[in-house]
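*Asks:* Below are the sequence and a predicted model for it; my questions follow.
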Amino acid sequence: KDALSKFWAAYKTVSGEYDEDMLERCNGNMDIVLIFAGLFSAVNTAFIIAMQPDPIDITNVLLVQLIQNTSGSATQPTILPPPTGFSSSKSWMQALAYASLAFSLLAAYGAVMGKQW
């Protein structure tokens, strides 16, 4: 064989070993990203649920209004507390929580696509 074919045979062997090693490292890194994204999404979802307003308060206010409307009594209507709106900081916290959840799911999706490729 001539020197050029020996060079390409050696190159193919060395590059194949390097590619296999790189593929194993990338596959392991994608596994780590999937685990982290799953755990982060679970914890983030728990925080998002905890930030939601209590539905029992809303239901109680609506039930009191319904009873007052249907009773037709001439009694003094009870004064309901004004509904509490979201403060600016709470809206920002929820927006950031939802954005971080979206990016975490996007990272998990990218890792799954990388593993399937």
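*Replies:* It's in. Residues are numbered from 1 along each chain as shown.

*Asks:* from here on, contacts and neighbour counts on C-alpha atoms
*Replies:* OK.

*Asks:* ok, now which ones touch the residue nearest in space to the middle of the chain?
*Replies:* Residue closest to the mean C-alpha point of the chain, counted by C-alpha atoms, centre = their mean, is residue 101 at 2.3 Å. Residue 101 sits next to 41, 44, 45 when contact means C-alpha atoms under 8 Å, 6 or more residues apart in numbering.

*Asks:* so what secondary structure elements neighbour the helix or strand bottoming out on mean pLDDT in the chain?
*Replies:* One helix or strand of the chain scores below all others by mean pLDDT, DSSP states H and E: helix 55-71, with a mean of 80. The helices and strands touching helix 55-71, judged by 3 or more C-alpha pairs under 8 Å, 6 or more residues apart in numbering; DSSP states H and E, number zero.

*Asks:* Give the next helix or strand downstream of that helix.
*Replies:* Moving toward the C-terminus from helix 55-71, the next helix or strand (DSSP states H and E) is helix 88-116.

*Asks:* Mind giving me the packing neighbours of the longest helix seen in the chain?
*Replies:* Under DSSP state H, the helix in the chain containing the largest number of residues is helix 3-51. When contacts are defined as 3+ C-alpha pairs under 8 Å, 6+ apart, helix 3-51 sits against helix 88-116.

*Asks:* Could you tell me how many residues sit around residue 104?
*Replies:* Residues lying near residue 104 (other C-alpha atoms under 10 Å) number 21.

*Asks:* Skipping its backbone neighbours, what lies nearest it in space?
*Replies:* Nearest residue to residue 104, sequence neighbours excluded (C-alpha to C-alpha, 6 or more residues apart in numbering): residue 37, at 5.4 Å.
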